[in-house]
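> here are the coordinates; sequence isn't available:
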């Protein structure tokens, strides 16, 4: 698709593990798994970043961004911004 915008979202491994642990707690799931394993999560994030880079997709680090800030950054890209979006604040 000619005018398709793909934006890669990335996050720090520590923050992603925190989110996933909270999700598991809310589901009353307490088994250890690669879903929250530090090395597995780091590898997952590295793989994602390499995919974004290989495809030339702009990326947004959402580690310390709200949904609203992330949406604003995507809209900025959609309306002409290009490349890496920096975290402000």
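Great, that's in hand. Values in this document were obtained by computation on a predicted structure and should not be read as measured data. Numbers count the residues shown, from 1 in each chain.
> would you map the strands across the chain?
For the chain, strands defined by DSSP state E occupy the ranges 8-10, 59-61.
> buried residues of the first one, list them for me.
Of the residues in strand 8-10, those with enough neighbours to count as buried (16 or more other CB atoms under 10 Å) are residue 8. (C-beta placed from N, C-alpha, C; glycine too.)
> residue 74: how many residues sit nearby?
Look at residue 74: counted by other CB atoms under 10 Å, it has 17 neighbours.
> which ones are touching it?
5, 7, 60 (CB atoms under 8 Å, 6 or more residues apart in numbering).
> and what of residue 60?
Contacts of residue 60 by CB under 8 Å, 6+ apart are 7, 8, 9, 10, 70, 73, 74, 85.
> assess the claim that the fourth one and residue 50 are in contact.
Same thing as residue 10. No - using CB atoms under 8 Å, residue 10 is not in contact with residue 50, being 11.0 Å away.
> show me where pLDDT drops low in this protein?
Along the chain, segments meeting pLDDT under 70 span 1-3, 81-89.
> tell me where the chain has helices.
For the chain, applying DSSP state H gives helices covering 13-26, 38-55, 67-78.
> right, and those helices - which one's nearest residue 32?
Nearest of these to residue 32, taken as CB to CB: helix 13-26 at 9.7 Å.
> tell me the angle that closest one makes with helix 38-55.
120 degrees (axes from the mean of the first three to the mean of the last three CA atoms, to 10 degrees).
> list the buried residues in helix 13-26.
13, 16, 17, 24.
> now those in TSV, with distance to residue 34?
TSV is the format used below for these (distance: CB to CB, whole Å):
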residue	distance to residue 34
13	13
16	13
17	11
24	12
